[in-house]
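J.: structure, please.
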Amino acid sequence: MPFTIPNESAAPADGAQATIYETDIRALVAGIGGDGVITGCVVTAQGTPNNTVAVATGVVKVGATYAVVVAANVSMPVADATNPRWVLVSASDAGALTATGGTAAAAPLLPAIPASSVALAAVWWPANDTTVGGTQITPKDVLVAAHTPPEARPKRTSATYYDVPGVGLRNWEVAQFDQNRIHYFPMRVRGRPLTIAEIRFRNTTTGTNVRVAIYRANADNQPLALVGGVTGVSVATTGVKTAALSATLTPGNYLLAVWPQGNVNLGCRLADVGGLRADLNEFDMIRSWKVFRDGTSFASWADPGVFWDDADNTNTGFQMPLFVDVQ
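T.: Residues are numbered from 1 along each chain as shown. Model (predicted):
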C-alpha cells in the first residue's frame, strides 16, 4: 500500500497515525515534482517481530537520479523511557536506507525527510518499545512514474548541444575505429535497471587489442566514474569476440568506451550470455552518436576517465547499435 494517512478511527496502533504532519506534505509535494518510489521498497514488520523493519528491493527517483534499493533490515533507534516518538524510514539517491528518529514527546512530530532522500514509511515507536509490529508501520512511499528522460545530448565544453534521436534496434553495424582514440557511445538507461553480462565485437579487419569499458556519465555525456572495464580483447583474427563485463546499470546516463590498439573495423553490442531477449525494445536502450578523443597512451582505464571537449575538433559522429539485455 502506498502513501497513507488513515482516518483516526482506523488508525491501527495510535491515533497519532491519523495526524497530517509537515513531513507528509513535503513527501507529497516531492511526489508531484517526480521524486518518490518507482517500484518496490515496501516496509514491513519482521515475521518474528524485533527492533528492525524489512525494506523490500525497489527503485527510487530523487532529482535526476534513479537508485536501486537492495532489500535490507533497518534498525530502530532506542525507544524513549517516557514518551513515544516517530521513526521515519527513507531511501537516498544512492539507495542507502536510513531510520531517522524524531524527538520523543507526548505528541511527537514526524521527523523531516533527510536530504537527497524520499520517505518510505513512518514507524510509531512507543516508550520502552523493543519490537515493531505491522500495525505500527504507516506507508509514506509516494509512487511516481518512471518518466521518459529527454534524449541524450552530447556536448563538448562551451560548445553547442547536438540533438540525438532515440531509434529502434537492428542488426550489427560495423564502423571504423581509429587506433589510439577513445571512442565513446552515449547511452541512456530508462525506467528499469539493465544487467549486462558481456560485450560482443564483430571485427572484419584485424588489429591487436581493444579495451572496453562503461562509464557513468553526467547530463552532458562526459565520463564521471568507471562502472567496469576490460583491459584487453584480442582482435588478431576476424569474427565475433566476447568480453565478460558484468554490470547492472541503474537508470541514468552512461558511456560505452572503446579504445583500440591498431585500426580495426568493429561492430559492437552489449548482450546477455545466450543471446538477446525478445522483449528488448528502443525504450530499454538508446542508440546514439559516437564521439571520440585522442588517447595519450594505450593504458588502463581511468576513473573518472578521459573527458572529451573542444580539443577534439575533428570530432565526428555516426549511429551505432547498442543492444542491452533486460534481466
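J.: doesn't residue 186 fall inside a helix?
T.: No - according to DSSP: H, G, I helix; E, B strand; the rest coil, the state of residue 186 is strand, so it is not within a helix.
J.: so how many other residues sit close to it?
T.: 26 (other C-beta atoms under 10 Å). C-beta: built from backbone N, CA, C; applies to glycine.
J.: do I have it right that it meets residue 221?
T.: Yes - Residue 186 is within contact range of residue 221, at 4.2 Å (criterion: C-beta atoms under 8 Å).
J.: just checking, what packs against the strand or helix carrying residue 30?
T.: Secondary structure from DSSP states H and E places residue 30 in helix 22-32. Applying 3 or more C-beta pairs under 8 Å, 6 or more residues apart in numbering; DSSP states H and E, one finds that helix 22-32 contacts strand 117-125.
J.: hang on, the earlier thing: what residues sit buried inside the helix holding residue 30?
T.: 23-24, 27-28, 30-31 (16 or more other C-beta atoms under 10 Å).
J.: tell me what angle the helix or strand following it forms with strand 117-125.
T.: Later in the chain than helix 22-32, the nearest helix or strand by DSSP H and E is strand 36-40. Per axes from the mean of the first three to the mean of the last three C-alpha atoms, to 10 degrees, the angle that strand 36-40 makes with strand 117-125 is 70 degrees.
J.: tell me the angle of strand 36-40 relative to helix 22-32?
T.: Using the same axes, to 10 degrees: strand 36-40 against helix 22-32 is 80 degrees.
J.: now strand 36-40: buried residues?
T.: Buried residues in strand 36-40, defined by neighbour count with 16+ other C-beta under 10 Å: 36-38, 40.
J.: between these, which is nearest residue 12?
T.: Ranked by distance to residue 12 (C-beta to C-beta), the buried residues of strand 36-40 are led by residue 37 at 21.4 Å.
J.: where does the protein dip in pLDDT?
T.: The chain contains residues with pLDDT under 70 at 1, 146-176, 189-194, 198, 200-202, 219-220, 266-299, 306-327.
J.: give me the domain ranges for it.
T.: Using automatic domain parsing, the domains assigned to the chain come out as 8-139, 148-327.
J.: surely residue 246 and residue 227 touch.
T.: No - in this structure residue 246 lies outside contact range of residue 227 using C-beta under 8 Å: 10.2 Å.
J.: of those two, which one has the most company?
T.: residue 227 (19 against 10).
J.: tell me how far that one lies from residue 199.
T.: 12 Å (C-beta to C-beta, to the nearest Å).
J.: repeat for residue 35
T.: On the measure of C-beta to C-beta, residue 35 and residue 199 end up 33 Å apart.
J.: higher neighbour count, the two?
T.: residue 199 (26 against 22).
J.: nearest spatial neighbour of the more buried one, chain-adjacent residues omitted?
T.: residue 243 (4.8 Å; C-beta to C-beta, 6 or more residues apart in numbering).
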